[in-house]
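Engineer: Turn this into a structure:
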Amino acid sequence: MRLWGLLAAVGAAALLACAEQPASLASPGEEPFLAGPAEPARLAVVLSSGALRGLAHVGVLRALEAEGIRPELIVGSSVGALIGAINASGVSAGDIGRSVAADDFDFGSDWLTSAVGRPRLSVYQFTQQNLKHQRIERFPVRFAAVVTDLRQGCMAVFNAGGAALAVQASTGLPGVFAATTLAGRDYADGALSSPLPVRVARELGAQRVIAIDVIYPPVESRLDGMVDRLFQIGLVLTHSLATQEAQEADLVIRPSFPAELSVNMNNRAALMALGDEAVRRALPEIRKLLRHPAPAPEPRRADARRCAGLITASR
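Structural biologist: I've put the predicted structure just below:
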């Protein structure tokens, strides 16, 4: 998809709303937070940012489930947090896929194609309605969402508390969604600080990490004018951050997006199928990885991107 097309969609959404989409406020006790200490997880799946390309995450999780491969930890950024939270809450990837493929599916953030006469769901509402459990610590699979503190420019992690608010914060693209304010801090899209949060998975105890990267590669862009080049800056920065963290994963799976496939809601079944195909291709590597015991964890320095001064509670 051409860059100006992506930018036009975002711009049109903002014009329709005449302002940023408002963020839901936390009810007492609903605020997400970071809980510790970290516990070992034999396998973690990390789901990247990537907007609608993130529908491929559904296919990835669906294919892993079909092969009996179930992670003990899911870490997501932006759309990866959205898909990951619903799956970790106890909803099978197969059920997520069937819901996405349904004719009346509403993705929450799809302002331009919502059915006429039907109120648009916010990301918060969509997440809340599809979760099996509302609090992260009640999920059958451990989960963490990565978010960005807009004022301090640092990264934060939520692995407990209200899941819908954690997802809302992680998917909050500045200029389109208002920041999610929690305990006096303004949080926005996790892709701004960690679009492929492999290091977070390691810090939370992951012994093996399979990272799913659906981020738009800058090399596929067409730079036809100033607007394209300006938008390319964000893609380059996101790609650079993801590339650095990908090196720390045990295996990186990158679904292949054909140039002729438009990334839009009309092609959501095809986008999910790309995730299935990617796992089938990588299955020998996945099986080999899981057959061998994980090496002893190496000492890790604190991630300099992490926000200072956040309260960590014990589980």
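Engineer: Where does pLDDT dip in the chain?
Structural biologist: Low-confidence segments of the chain (pLDDT under 70): 1-26, 104, 106-121, 309-315.
Engineer: which residue packs closest to the spatially most central residue of it, ignoring adjacent ones?
Structural biologist: Centrality entry for the chain: nearest residue to the mean C-alpha point is residue 80, 1.7 Å, by Cα atoms, centre = their mean. Nearest residue to residue 80, sequence neighbours excluded (Cβ to Cβ, 6 or more residues apart in numbering): residue 47, at 3.0 Å. The C-beta positions use only the backbone N, C-alpha and C, and glycine is treated the same way.
Engineer: The one you found against residue 74, yeah?
Structural biologist: Yes - if you go by Cβ atoms under 8 Å, residue 47 and residue 74 touch, sitting 6.8 Å apart.
Engineer: hey, what's in contact with both of those two?
Structural biologist: Counting by Cβ atoms under 8 Å, 6 or more residues apart in numbering, the residues touching both residue 47 and residue 74 are residue 84.
Engineer: Between those two, which has more neighbouring residues?
Structural biologist: Comparing residue 47 with residue 74 by other Cβ atoms under 10 Å, the one with more neighbours is residue 47, at 31 against 28.
Engineer: and the more buried one, what is it in contact with?
Structural biologist: Contacts of residue 47 were listed using Cβ under 8 Å, 6+ apart, and they are 54, 57, 60, 74-77, 79-81, 83-84, 212.
Engineer: Just the ones of those residues in strands?
Structural biologist: The strands, defined by DSSP state E, take in 74-77, 212 from the contacts of residue 47.
Engineer: Out of the residues you listed, which comes closest to residue 97?
Structural biologist: residue 212 (15.2 Å; Cβ to Cβ).
Engineer: Relative to residue 182, how far out is that closest one?
Structural biologist: 27 Å (Cβ to Cβ, to the nearest Å).
Engineer: The two: who's more crowded?
Structural biologist: residue 212 (31 against 24).
Engineer: That one: what's it in contact with?
Structural biologist: Residue 212 neighbours (Cβ under 8 Å, 6+ apart): 45-48, 56-57, 60, 80, 252-255, 275, 278.
Engineer: please redo it, this time with the cut-off set to 10 Å
Structural biologist: Neighbouring residues of residue 212 by Cβ atoms under 10 Å, 6 or more residues apart in numbering: 45-48, 50, 54, 56-57, 59-61, 64, 76, 80, 83-84, 196, 249, 251-255, 275, 278-279, 282.
Engineer: Residue 147 should be in a strand, yeah?
Structural biologist: Yes - when DSSP: H, G, I helix; E, B strand; the rest coil is applied, residue 147 is found to be in a strand.
Engineer: That one: neighbour count?
Structural biologist: Counted with other Cβ under 10 Å, residue 147 comes out at 35.
Engineer: is it in a bridge, and if so with what?
Structural biologist: Beta bridges link residue 147 to residue 156, judged by DSSP bridges.
Engineer: returning to that earlier point: can you go through the contacts of residue 212 and name the buried ones?
Structural biologist: Buried subset of the contacts of residue 212 (neighbour count, 16 or more other Cβ atoms under 10 Å): 45-48, 50, 54, 56-57, 59-61, 64, 76, 80, 83-84, 196, 249, 251-255, 275, 278-279, 282.
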